[in-house]
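Enquirer: For reference, the sequence and a predicted model appear below.
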Amino acid sequence: MAGQVWGAGSGALDLLRALPRVSLANLRPNPGSRKMERRRRGQRRGRKGERQRGTQLRLGFEGGQTPFCLRIPKHGFNEGHSFRRQYQPWSLNRLQYLIDLGRVDPTQPIDLTQLVNGRGLVEEGADTFKAKVNIEVQLASELAIATIERNGGVVTTAFYDPRSLEILWKPIPFFLRGQPIPKRMLPPKALVPYYTDARNRGYLADPAGFPEARLELAKKYGCILPDIAKDQLFKMLSTRKDPRQIFFGLAPGWVVNMADKKILKPTQEKLLEYYRS
């Protein structure tokens, strides 16, 4: 056994002899030192996800598993919003413009065949509208009705189902198919109060209530109603369609022969009873 070492390094050797062996278990960094973390794959930027590619997300995409329509509580004021009817606005200014250009004849009844597609008549241009027309639209504002009646015209609001509407604003392709003109469907339950009200000039309203409704609206806007019964165009102004009729002058069940320019009418009693109902 070796004896005790004497000399300058004897203290250091004695200290090393008492300390544990140096290993990975007892190695520590110097106090206050900092070492950068090793960057691995992705280099702190993550993997290549969908936002790292060239294509962008579509507008409104939010990701996740639950869409916002399920996260947000339901409220009744948006119920059935996808089924609400929307009519393109048709202003009096636009109607007067087409009449001045000769695109629309004011001496003939005007319906959706001239206006194309479903229309809602609005009052824009009420101060400059001067034409006297007999017009049929699907919706009409109160001021638009008062403006037309102030000039001696007539307004009728009528409902058209999708098939009747397509036939009305595309008559030539329908006539070329050689099919009989179908009956116009009645409005749904939600629209019956609107089209049976004389104040809206509904086509299902009682005609006896129109004079009182016209007079009441004229008093509201300070208009003087002309007597259309004394007008030279009274026959045109008083022309109205049957609730089941699509075209002016053409009854349901008739077939328009475009080649021979003839109109074929049904003669069987069963067909006549069907189209009259």
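Expert: Looks like it came in fine.

Enquirer: now the strands for the stretch 51-200 of the chain?
Expert: Secondary structure of the stretch 51-200 of the chain (DSSP state E, counting those that start in this stretch): strands at 88-91, 119-122, 134-137, 139-140, 154-157.

Enquirer: can you put the ones you listed in a markdown table and add mean neighbour count?
Expert: Quick note: C-beta positions are derived from backbone N, CA and C, even for glycine. Shown next, in a markdown table, are the strands of the stretch 51-200 of the chain (neighbours: other CB atoms under 10 Å):
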| stretch | mean neighbour count |
| --- | --- |
| strand 88-91 | 16 |
| strand 119-122 | 22 |
| strand 134-137 | 25 |
| strand 139-140 | 21 |
| strand 154-157 | 22 |
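
Enquirer: closest to Ala208 out of those strands?
Expert: Nearest of the strands of the stretch 51-200 of the chain to Ala208, taken as CB to CB: strand 154-157 at 15.6 Å.

Enquirer: what about Leu15, neighbour count?
Expert: 9 (other CB atoms under 10 Å).

Enquirer: picking up where we left off before, so which of the strands of the stretch 51-200 of the chain is nearest Asn26?
Expert: For those, proximity to Asn26 was assessed by CB to CB; strand 88-91 is nearest, at 84.1 Å.

Enquirer: between the strands of the stretch 51-200 of the chain, which gets nearest to Gln108?
Expert: Of all the strands of the stretch 51-200 of the chain, it is strand 134-137 that lies closest to Gln108, at 8.1 Å by CB to CB.

Enquirer: list the helices and strands that closest one packs on?
Expert: helix 112-115, strand 119-122, strand 154-157 (3 or more CB pairs under 8 Å, 6 or more residues apart in numbering; DSSP states H and E).

Enquirer: which residues are contacting it?
Expert: Outside strand 134-137, the residues within contact range by CB atoms under 8 Å, 6 or more residues apart in numbering are 90, 95, 109-112, 115, 119-121, 148, 153-158, 203, 236-237, 239, 241.

Enquirer: Give me the mean pLDDT for that strand.
Expert: Along strand 134-137, the predicted local confidence has a mean pLDDT of 94.

Enquirer: Could you do stretch 49-58 as well?
Expert: For stretch 49-58, the mean pLDDT works out to 74.

Enquirer: what do you get for stretch 16-28?
Expert: Stretch 16-28 shows a mean pLDDT of 83 in the predicted model.

Enquirer: Ends of that stretch, what's the gap?
Expert: 18 Å (CA to CA, to the nearest Å).

Enquirer: got it, and stretch 75-88?
Expert: When the termini of stretch 75-88 are compared using CA to CA, they are 27 Å apart.

Enquirer: so how far is stretch 79-93 off the chain centroid?
Expert: Remark: stretch 79-93 is offset 6 Å from the chain centroid, using CA atoms, centre = their mean, to the nearest Å.

Enquirer: Please identify the buried residues of that stretch?
Expert: By 16 or more other CB atoms under 10 Å, the buried positions in stretch 79-93 come out as Trp90, Ser91, Leu92.

Enquirer: Which of the residues you listed scores worst on pLDDT?
Expert: When these are compared by pLDDT, Trp90 scores lowest at 89.

Enquirer: Do I have it right that that one meets Leu115?
Expert: Yes - counting by CB atoms under 8 Å, Trp90 sits close enough to Leu115 to count as a contact (6.0 Å).

Enquirer: and the longest helix along the chain, what does it pack onto?
Expert: Ordering each helix of the chain by length in residues (DSSP state H) puts helix 210-221 first. The elements that helix 210-221 packs onto, with contact taken as 3+ CB pairs under 8 Å, 6+ apart, are helix 142-150.
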